[in-house]
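**Q** coordinates only, no sequence provided:
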């Protein structure tokens, strides 16, 4: 199979460089990129900065560069309220407009779209969320979730806790609490947690928070006070995050033992006051606006009134998360143009472009994002990258990086992800075997 992929990649590269000069785009041509967002409701505190970052990066490319490869990007938002049903409705509403990619921004919506993507020929980008097993490009050729899965993230948190205790084996007999949104997102890492709790020997305590009770977590935190876990891990979103931090403070839970996956933003901890100092979250990209690309957003959009973003919010962690998401979109489109020799590309083309992503330090510098993130390379078999991340701590005013890069527990997570992908394909009768060609170098 690998030799077949290499042969195809070579023939495509030769064709693109000889037979197919890139065709010029006409004035009416455009590349359609819908964004599923939520600017209203209980999840808007997380949704708004993400939406702003995604929009602003793509619109900046339109204003500064005339789009990508000479073609303007048509960006259109569809409000989901972080409701999986509405997310699917958004998908059905936009798919007839020939989107080159969709961004569900909800694990629940992503799970619903996975069976549709290959049929409709629309790649799904669920950046660092969604089904962890969809990192397996052989089983899920239309789904991409770089640069880390939730299983990677949870394993990095456990790895850090192990380091604090003197080694992963020292977690035996420890009690680890897991407080999470009781939805697809929060449930996603539980199989890994349960497997590792058996293997390593720590006591796992689960504290689910229903979506309609995110701002009333007193019962969960009373249970945490009773159980006295040695560490608490948070998988929250929207109003759940600031409420969890405030409740932890209320029961005097030590902030240096309270860690989160990568979704809390500045406002989530700032609203809790000075006592939130010491709370830690995972992250894999830069915070702050001191990057030329972000300064270009200010110049071309914010200062000209073409952005919804408050200038003071540019550089916030979730805003920059949205920028990173659109960086991936833009790179996939640019790759698709190079592979196909076309300016106006399709979803099928962009799927190929996603599998060819190779964001090097040199490329980040070209994009005005030098040092913004670690290099990322995707392949036909690996749609994630499984990159190392770091912990950053709230110092009372801002996020401060406090660790070196932490690698996922690859030896433990990789076989579990592979098994989960195979299980998904087996349970979903008739799940197709991959027939899509591979353009990515081996």
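**A** Looks like it came in fine. Since the model is a prediction, treat every value here as computed from it, not as a measurement. Numbering: from 1, shown residues only.

**Q** quick one: average pLDDT of stretch 370-377?
**A** Averaging pLDDT along stretch 370-377 gives 98.

**Q** could you work out the end-to-end span of that stretch for me?
**A** End-to-end distance for stretch 370-377, by Cα to Cα, to the nearest Å: 16 Å.

**Q** also stretch 389-397?
**A** 22 Å.

**Q** point me to the helix or strand that includes residue 34.
**A** strand 30-37 (DSSP states H and E).

**Q** now residue 401: closest residue in space that isn't a chain neighbour?
**A** Counting by Cβ to Cβ, 6 or more residues apart in numbering, residue 401 lies nearest to residue 392, which is 4.9 Å off, once chain neighbours are set aside. Placement of C-beta: from N, CA and C, glycine included.

**Q** how close does the one you found get to residue 282?
**A** To residue 282, residue 392 is 8 Å away according to Cβ to Cβ, to the nearest Å.

**Q** can you give me the helices for the stretch 151-300 of the chain?
**A** With helices called from DSSP state H, counting those that start in this stretch, the stretch 151-300 of the chain shows them at 184-187, 190-200, 218-227, 240-250, 266-270, 292-297.

**Q** same thing with the stretch 1-150 of the chain?
**A** 2-17, 44-65, 84-94, 107-120, 150-165.

**Q** now the helices of the stretch 151-300 of the chain in CSV, with distance to residue 332, mean pLDDT and mean neighbour count?
**A** CSV is the format used below for the helices of the stretch 151-300 of the chain (distance: least, Cβ to Cβ, whole Å; pLDDT from 0 to 100; neighbours: other Cβ atoms under 10 Å):
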stretch, distance to residue 332, mean pLDDT, mean neighbour count
helix 184-187, 24, 96, 21
helix 190-200, 28, 96, 17
helix 218-227, 39, 98, 15
helix 240-250, 30, 98, 23
helix 266-270, 29, 97, 21
helix 292-297, 17, 98, 20
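
**Q** of those helices, which is nearest residue 423?
**A** The closest of the helices of the stretch 151-300 of the chain to residue 423 is helix 190-200. By Cβ to Cβ, the value is 10.1 Å.

**Q** list the contacts of that closest one.
**A** When contacts are defined by Cβ atoms under 8 Å, 6 or more residues apart in numbering, helix 190-200 is touched by residues 132, 151, 154-155, 158, 168-169, 171-172, 176, 178, 202-204, 206, 409, 412-413, 416, 420.

**Q** for the longest helix seen in the chain, packing partners?
**A** The longest helix of the chain (DSSP state H) is helix 317-340. Packing partners of helix 317-340 (3 or more Cβ pairs under 8 Å, 6 or more residues apart in numbering; DSSP states H and E): helix 2-17, helix 44-65, strand 124-125, helix 292-297, helix 347-355.

**Q** redo these as TSV? Include distance to residue 212.
**A** Formatted as TSV, the helices and strands packed on helix 317-340 follow (distance: least, Cβ to Cβ, whole Å):
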stretch	distance to residue 212
helix 2-17	47
helix 44-65	16
strand 124-125	27
helix 292-297	36
helix 347-355	35
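
**Q** figure out which of these is closest to residue 225.
**A** Among the helices and strands packed on helix 317-340, helix 44-65 sits nearest to residue 225 (Cβ to Cβ), with 25.8 Å.

**Q** may I see the buried residues of the closest one?
**A** 44-63 (16 or more other Cβ atoms under 10 Å).

**Q** sorry, back to before: neighbour count: residue 392 and residue 282, which is higher?
**A** residue 282 (24 against 20; other Cβ atoms under 10 Å).

**Q** got the contact list for that one?
**A** 153, 156, 157, 259, 260, 261, 262, 389, 390, 391, 392, 406.

**Q** give the contact list for the first one.
**A** Contact criterion Cβ under 8 Å, 6+ apart gives 128, 189, 261, 262, 282, 389, 408 as the residues in contact with residue 153.

**Q** among those residues, name the buried ones.
**A** 128, 189, 261, 262, 282, 389, 408.

**Q** count of residues packed around residue 167?
**A** Going by other Cβ under 10 Å, the residues that sit close to residue 167 add up to 10.

**Q** begin at 374 from now on, thanks
**A** Got it, first residue is 374 now, which makes that one residue 540.

**Q** need the helices of the stretch 374-523 of the chain in a markdown table with mean pLDDT and distance to residue 728, can you?
**A** Listed next are the helices of the stretch 374-523 of the chain as a markdown table, based on pLDDT from 0 to 100; distance: least, Cβ to Cβ, whole Å:
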| stretch | mean pLDDT | distance to residue 728 |
| --- | --- | --- |
| helix 375-390 | 40 | 10 |
| helix 417-438 | 98 | 21 |
| helix 457-467 | 98 | 22 |
| helix 480-493 | 97 | 14 |
| helix 523-538 | 98 | 19 |
